[in-house]
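**Student:** I would like to see how this sequence folds:
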Amino acid sequence: SAAKLVDETRSWDVALLQDMKKLGYDGVSFTDESGLATTTGRGTMFFYKRDRFTFDKSRQDHGWLSLDTRGTYNGVTAKNGQNRALQWIELIDTAHHNQPVYFFNTHFAINVSKDINGKKITDSTVISKITRDIRTQQAVKVATAIKEKAGNQPYFAMGDYNSSLSASYTSESNYLTPQE
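**Tutor:** Residues are numbered from 1 along each chain as shown. Reported below is the predicted structural model:
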């Protein structure tokens with residue numbers, strides 16, 4: 001899980017980076033173990049203000065973690081098929097005594113539609129329960145990674161969590177706290 005400075009490997013990356021540089025930003029994108037840019041399916045580009053933050057990929061923490069998971073309900077098993085991931089970067093905040101600050105970004109699963117054998121799932125309760133199970137597992141992975149990576153350092157966790165205001169996780173909130 002390596003990060004690389006956004007380079008000229010993809011034309012939209014180049015155009016976006018050039019525009020952002022004009023506004024005073026630098027950027028970092030991510031590659032997976034095969035060296036492919038993860039912005040195509042697993043990734044994100046982090047942009048930061050050059051006059052506020054610094055990043056040195058040889059010294060600072062950065063990377064990504066797969067959030068691919070499976071969920072089961074009422075005998076049906078499905079997997080998160082959208083190649084979801086968590087990316088993180090440690091920046092140095094030069095405006096606050098060179099304080100390290102972590103930034104985490106993720107995109108949780110959308111509703112599953114097929115089981116692990118490719119059969120379409122039509123029962124909305126099964127879809128809802130499996131998707132909820134997958135997102136809960138993803139939340140645990142994210143919370144654990146934040147604790148492991150950032151420790152006591154300041155951090156920001158952002159992303160598309162694909163949940164609604166009506167989603168109720170209150171009875172399962174203990175799942176979102178990494179176990180010691």
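
**Student:** where exactly do the helices run in this structure?
**Tutor:** Taking DSSP state H, the helices of the chain run over residues 11-22, 124-150.

**Student:** the last one packs against which elements?
**Tutor:** The helices and strands touching helix 124-150, judged by 3 or more CB pairs under 8 Å, 6 or more residues apart in numbering; DSSP states H and E, are strand 70-73, strand 76-79, strand 85-93, strand 99-107, strand 155-160. All C-beta atoms are positioned from the backbone trio N, CA, C, and that covers glycine.

**Student:** cool, and the first one?
**Tutor:** Identification of packing neighbours for helix 11-22 by 3+ CB pairs under 8 Å, 6+ apart yields strand 25-31.

**Student:** ok so, going back, how about the helices and strands packed on helix 124-150, which one is nearest S29?
**Tutor:** Closest to S29 of these, according to CB to CB: strand 85-93, at 9.1 Å.

**Student:** now render the helices of the chain as TSV, adding distance to Q60.
**Tutor:** Shown next, in TSV, are the helices of the chain (distance: least, CB to CB, whole Å):
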stretch	distance to Q60
helix 11-22	19
helix 124-150	11
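
**Student:** lowest mean pLDDT across the ones you listed, which one is that?
**Tutor:** When those are compared by mean pLDDT, helix 11-22 comes last with a mean of 78.

**Student:** quick check: closest non-adjacent residue to R84.
**Tutor:** Leaving aside its sequence neighbours, R84 sits nearest to L67 (CB to CB, 6 or more residues apart in numbering; 4.2 Å).

**Student:** which of the helices of the chain sits most buried?
**Tutor:** Most buried of those by mean neighbour count (mean count of other CB atoms under 10 Å) is helix 124-150; its value is a mean of 18.
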